[in-house]
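Chemist: Sequence and predicted model, in that order:
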Amino acid sequence: MTDPSPFAQMMKMSQDWAKALNPALESFTPKGFENLWPTMPREVMETFMGKTLNPEGLDAKTRLLLTLAGLTVLGAQGEAQIRLTVRHALAAGSTKQEIAETIAMMGMFGGVPAMAKAMELATEAMEEDKS
């Protein structure tokens with residue numbers, strides 16, 4: 001029998017930790033995390049994504065648009081993260097046009113399928129925002 005990979009060991013340890021914290025977390029998924037905390041409160045977002053820790057740095061809106069660009073290039077790997085980042089970007093003051101432009105620009109780097117998927121996910125998140 002071969003030793004499990006370091007990744008498998010890390011996943012097992014994380015799952016054991018989550019189960020010890022709350023047995024319901026045993027089958028926790030990224031979509032479940034989205035439902036748990038759909039957006040950070042604005043104060044928390046500004047603390048971690050804004051100028052609180054780096055007053056001369058980028059604001060939360062810009063950081064979130066950059067995050068969205070990176071996630072777009074990853075393609076469908078970051079579905080939950082794209083929806084979450086879009087919701088946070090809206091809360092940080094991004095317009096729907098800015099979000100769409102950020103995603104569209106990444107078509108050159110991640111390809112049209114990755115861009116199209118991110119647009120679909122962003123549209124879902126923005127539609128949720130209407131309700």
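Modeler: The structure has been received and is ready for your questions.

Chemist: Give me the distance between the closest residue to residue 113 other than its chain neighbours and residue 67.
Modeler: Residue nearest to residue 113 in three dimensions, not counting chain neighbours: residue 75, with 6.9 Å by Cβ to Cβ, 6 or more residues apart in numbering. C-beta: built from backbone N, CA, C; applies to glycine. As defined by Cβ to Cβ, to the nearest Å, residue 75 lies at a distance of 15 Å from residue 67.

Chemist: for residue 93, same thing?
Modeler: Counting by Cβ to Cβ, the separation of residue 93 from residue 67 is 15 Å.

Chemist: What are the contacting residues of stretch 102-115?
Modeler: Identification of contacts with stretch 102-115 by Cβ atoms under 8 Å, 6 or more residues apart in numbering yields 65, 68, 69, 72, 73, 74, 75, 76, 118, 119, 122.

Chemist: change it to 6 Å
Modeler: 65, 68, 69, 72, 73, 75, 118, 119 (Cβ atoms under 6 Å, 6 or more residues apart in numbering).

Chemist: Pull out the buried residues from it.
Modeler: Neighbour-count burial for stretch 102-115 flags 102, 103, 106, 107, 110, 114, 115 (criterion: 16 or more other Cβ atoms under 10 Å).

Chemist: what's the helix or strand for the first one?
Modeler: Applying DSSP states H and E as the criterion places residue 102 in helix 96-105.

Chemist: what's the answer for residue 4, then?
Modeler: Using DSSP H and E, residue 4 falls outside every helix and strand.

Chemist: now swap in residue 56 and tell me
Modeler: Here residue 56 is assigned to no helix or strand, by DSSP H and E.
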